[in-house]
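Undergrad: Got a predicted structure plus its sequence, pasted below:
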There are 2 protein chains.
Amino acid sequence: MKFKAKILPLRTERVAVVLSQDDAAELGLLPGDRVRVSLDRRSFVAEVEIASEFVDQGEVGVCSFTAETCSIEEECVVEIVPFARPKSVEYIRKKFDGGRYERVEIGQIIKDISDGILSDVEMAAFILANEIVGMSDDEVQWMVEAMVENGERVSFDRGGVVDTHSIGGVPGNRYSMITVPTVAAAGLLIPKTASRAITSASGTADTMEVLADVNLSVDEIKEITERVGGVIAWNAAAGIAPADEQIIRVEYQLEISPKPHLMASLMAKKVGGGAKFIAIDIPIGRGAKIENIDLGRSFASSFMEIGRKLNLKVAATLSDGSQPLGNAIGPALEAKEVLNAMEKKKGGDLVEKAIGIAGILFEMTGVATNGYMHARKIFESGKTLEKFREIVAAQGGDENVGADDIPVGDKIYTLKSTVEGAVVAVSNKSIVKIARTAGAPKDKGAGVYVHKKRGEVVNAGDPLLTIYAEKDWKLDNAIEVANTKQSFDISGVIIEKLSYGRWWP
Amino acid sequence: MKFKAKILPLRTERVAVVLSQDDAAELGLLPGDRVRVSLDRRSFVAEVEIASEFVDQGEVGVCSFTAETCSIEEECVVEIVPFARPKSVEYIRKKFDGGRYERVEIGQIIKDISDGILSDVEMAAFILANEIVGMSDDEVQWMVEAMVENGERVSFDRGGVVDTHSIGGVPGNRYSMITVPTVAAAGLLIPKTASRAITSASGTADTMEVLADVNLSVDEIKEITERVGGVIAWNAAAGIAPADEQIIRVEYQLEISPKPHLMASLMAKKVGGGAKFIAIDIPIGRGAKIENIDLGRSFASSFMEIGRKLNLKVAATLSDGSQPLGNAIGPALEAKEVLNAMEKKKGGDLVEKAIGIAGILFEMTGVATNGYMHARKIFESGKTLEKFREIVAAQGGDENVGADDIPVGDKIYTLKSTVEGAVVAVSNKSIVKIARTAGAPKDKGAGVYVHKKRGEVVNAGDPLLTIYAEKDWKLDNAIEVANTKQSFDISGVIIEKLSYGRWWP
């Protein structure tokens, strides 16, 4: 049937057309069905929405995104015929009955997700089935390969390309901003791609953006990495493994992230970035993504096994994820803390983790036999800071940037302890909730500074945390959260600390 | 934050508002999140969509459905704050880990679905989890109760209220149009609610609509049933168990219908219609919803068990679902066939099934000890036709309607056999595909007449099926389907017929 196009003043991120109820019935179409739209000598496949008004009989509504992507102009005439569902929907259904995807099947599913062909409901089916039924290491490997193939890639002509990534879940987890320059200072290449916050208060890309541009193309990532040794870029801007963004968007709505997806997502970003040696950080503990250490070990084994299948060297570390890393949470506060540590050449757990992971990369690549000591020497020599400033400059930032230059929110409130005792727990979830309510990550200067961490002794009246915000109303909301959600467990009975930590080795 | 409302020229069936990217980030909102929208002294919860254009900062886009439902006018100022996800999303997630819903939990899920509060992605999660993990009989019972509570109900002051429903999947399965008047003629009340086609060529509601109005309210269903003994109405128009429509819409997109949902859907429609004695038809065979007889028996047991929990008397029949019932497929063709059978007082498998099920209802209610013979007597006496015409008249149709009065499509094509042999199979799927391509159920006169059924002998040149259409282009498309999709297996070797039917008891 022929239809006259009507461009609709709305945008969807998928290719979709809108038909009137009568025309949809005439063509035997139901919501979620697909059609082939043809004009001139071109044609494309689109999902069908059925309108109860605004689109008259004989008209086809085209959202502006589809109009642009497919070059449809107002009032042009198109031919529309029903089109079968993509094969990938059938492949997804295999999983409902406990089946396994073949290599070509998962490949097609990922391709269709990358091309924006699968609907949210179909992606939800993919995610749910994989969460409930699970995926084998083979399936994860094929998923990684397909995610990488259907996206941009960085590749290097020389060896010694390394990278690190955390599975996340810990506030303030900005170790890679120190690991990257430390590793680059030793002559390795580290094209680090990082995420922005989805549910957290800041991702490494958000924090790095306080200091430099993180929206780099794959060509820029390659050029800067080869020139200065390292880069810290936002993975989505580079277009590496674009299926990941789509999957994560629907996973957020379902409030789940299936283990195989978490692994595939991480590995695809690293493989697409060109790394051959990868150090993976798996934070463990109450309030982290993984609460149980045995599950953490099983993740680590799967990562190593999938790495082996992909011809990569993978090391995994289990780290303490039961409280924030460092003391700062929120983009500017974290950037300040990272710079401060490099300037002062010390910085507690943040620095320990950063040089620990740099050390692992040194040992994996044969740069040093005692990687930790080698990394510590570089860090303490000031070469880490020097290299970091080179990277910042290469990404368009200020080459002389210092911790004191970073502005943070000027609406401030400090929460004080009303009791005396030892901190037995700091709640990741509460701290993140307070920081987000204060405006992070949108307001770069917003966040939380944690004054006391586990094991530290507090007296009544001691500051526990300080909230920073850029807007009064957000500060007020954040104070309300801080006063209703308990962020600290404080006890005078030392034994409770051990009892709480009983799962820890 | 305060926003100015902008009514958008689009309609979604759910309560949703559209914010600009900046404002969404300012409020920390992601797609799929919800907000509370307040104005005057009213407030409502809406899902958030994030626009990349068309909605400016400070504006909130409101689709026309939401504007009407929630009385929002152009340019009025509303307050918007983030709102937690409904509890029901958390309950759904329990099922991912193999958990069970509590009564209040499944009750809340169904209420939120009925109220249009759950998104399609969230409903997909509900459907998928129940498909993969399954539901206990208790959970199905509670789901039925919640579906009925959150919708319109019919209730009768007297006893002897019966009903019948098929789980479907068989083309031409219009037995209830004969069962209903037969049962009503014996003095029982039968407020039959029926479905429209979703993926089939015609639902009982579509076929009945050829003869009378099926869009009846619950009050009309009650009034007509009490006055003439029976009714055949479209369940959705009556507003009985509205959650069912929502769930089925998303199930269609996933191409699944989980067993527990199929049971809950059927039972909720019957309970909401006021029946106390229910005869359930479970067609079995290749191309039917259930291919395996053991699975059919398990369905039957579950139906009876759930009926017991709901204080209902339930009987289930396993019937041959491996080929169409009767010979006509498509609304008008089926209406004609049903009337013809009642006028001629005979009609093969269609009539056998109709009076067989009427007989079961007679035995369940104590109307007769040999229900089948009682039903046959009524049917052959002409009382079935007489009562059927009363029902048609009560629903606004022609009280003297006859088979010859029903017009069917005048674009006709007959497919003939090229070989000689016995029909060993008639494909439900091909026949439905041809009938739908010819225009059914939208074009009432479109469909297929099957000349030969399983076991019948054909000679080369004998007609196998006739396609009816209202439009030439649809007839052409249907002929193409008929020529490429094999609808009949024909063999001269009689043994193959037995071999094919080996699963049949």
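TA: Nice, thanks for sending it over. Numbering: from 1, shown residues only, chains lettered A, B, ... in the order given.
Undergrad: where does chain A have low pLDDT?
TA: Judged against pLDDT under 70, the low-scoring parts of chain A cover residues A:9-14, A:52-53, A:492-505.
Undergrad: Tell me the buried residues in the top strand by length along it?
TA: The strand that spans the most residues within chain A, counting by DSSP state E, is strand A:42-51. Of the residues in strand A:42-51, those buried under the neighbour-count criterion (16 or more other CB atoms under 10 Å in any protein chain shown) are A:43-44, A:46-51. Any C-beta I mention is one placed from the backbone N, CA and C, and that applies to glycine too.
Undergrad: Which of those sits closest to chain B?
TA: Proximity of these to chain B was ranked by CB to the nearest CB; the top entry is residue A:51 with 6.1 Å.
Undergrad: Does that closest one touch residue A:20 like I think?
TA: Yes - counting by CB atoms under 8 Å, residue A:20 is a contact partner of residue A:51 at 6.1 Å.
Undergrad: picking that back up, filter the buried residues of strand A:42-51 down to the ones near chain B?
TA: Subset of those in contact with chain B: residue A:51, counting by CB under 8 Å from any CB of the partner chain.
Undergrad: starting at the chain centroid, how far to the host helix or strand of residue A:82?
TA: Using DSSP states H and E, the secondary-structure element containing residue A:82 is strand A:77-83. Distance of strand A:77-83 from its chain centroid, counting by CA atoms, centre = their mean, to the nearest Å, is 39 Å.
Undergrad: and the residue of the stretch 251-400 of chain A nearest chain B?
TA: Closest point on the stretch 251-400 of chain A to chain B, by CB to the nearest CB, is residue A:253, at 3.5 Å.
Undergrad: For that residue, give me its contacts.
TA: If a contact means CB atoms under 8 Å, 6 or more residues apart in numbering or on different chains, then residue A:253 has A:120, A:124, B:31-32, B:119, B:121-122 as its contacts.
Undergrad: Could you list the alpha-carbon positions for stretch A:325-345 in CSV?
TA: Coordinates of the C-alpha atoms in stretch A:325-345 are reproduced here as CSV (Å, rounded to 0.1, in the frame of the first residue of the first chain):
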residue,chain,number,x,y,z
LEU,A,325,37.8,4.3,47.6
GLY,A,326,39.6,7.4,48.7
ASN,A,327,37.5,10.1,50.4
ALA,A,328,36.0,12.1,47.6
ILE,A,329,32.8,11.2,45.6
GLY,A,330,31.7,13.4,42.7
PRO,A,331,33.5,14.6,39.5
ALA,A,332,35.4,17.7,40.7
LEU,A,333,36.0,16.4,44.2
GLU,A,334,37.5,13.2,42.8
ALA,A,335,39.6,15.1,40.2
LYS,A,336,41.0,17.2,43.0
GLU,A,337,41.7,14.2,45.2
VAL,A,338,43.5,12.4,42.3
LEU,A,339,45.7,15.4,41.6
ASN,A,340,46.3,16.0,45.2
ALA,A,341,47.6,12.5,45.7
MET,A,342,49.9,12.8,42.7
GLU,A,343,51.2,16.2,43.9
LYS,A,344,51.7,15.0,47.5
LYS,A,345,53.0,11.6,46.3
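Undergrad: Report the buried residues of that stretch.
TA: Using 16+ other CB under 10 Å as the test for burial, stretch A:325-345 gives A:325-342.
Undergrad: Keep only those of those residues that are in helices.
TA: For the buried residues of stretch A:325-345, membership in helices holds for A:331-342, with DSSP state H as the criterion.
Undergrad: what about residue A:91, how many residues close to it?
TA: Other residues near residue A:91 come to 20 when the count uses other CB atoms under 10 Å in any protein chain shown.
Undergrad: Find the residue at the geometric middle of chain A.
TA: Per CA atoms, centre = their mean, the C-alpha nearest to the average position across chain A is that of residue A:195, at 3.7 Å.
Undergrad: Am I right that that residue is in contact with residue A:207?
TA: No - here residue A:195 lies out of contact with residue A:207, judged by CB under 8 Å, at a distance of 10.9 Å.
Undergrad: For residue A:80, which residues are in contact?
TA: Residue A:80 is in contact with A:1-3, A:17, A:19, A:27, A:35-38, A:60, counting by CB under 8 Å, 6+ apart.
Undergrad: re earlier: ok and the helix or strand hosting the residue of the stretch 251-400 of chain A closest to chain B relative to strand B:42-51, angle-wise?
TA: Using DSSP H and E, the secondary-structure element containing residue A:253 is helix A:243-254. Note on geometry: by axes from the mean of the first three to the mean of the last three CA atoms, to 10 degrees, helix A:243-254 and strand B:42-51 are set 170 degrees apart in direction.
Undergrad: quick one, the helix or strand just after helix A:243-254 and helix A:243-254 angle?
TA: If you walk from helix A:243-254 toward the C-terminus, the next helix or strand you reach (DSSP H and E) is helix A:259-272. Per the same axes, to 10 degrees, the angle that helix A:259-272 makes with helix A:243-254 is 150 degrees.
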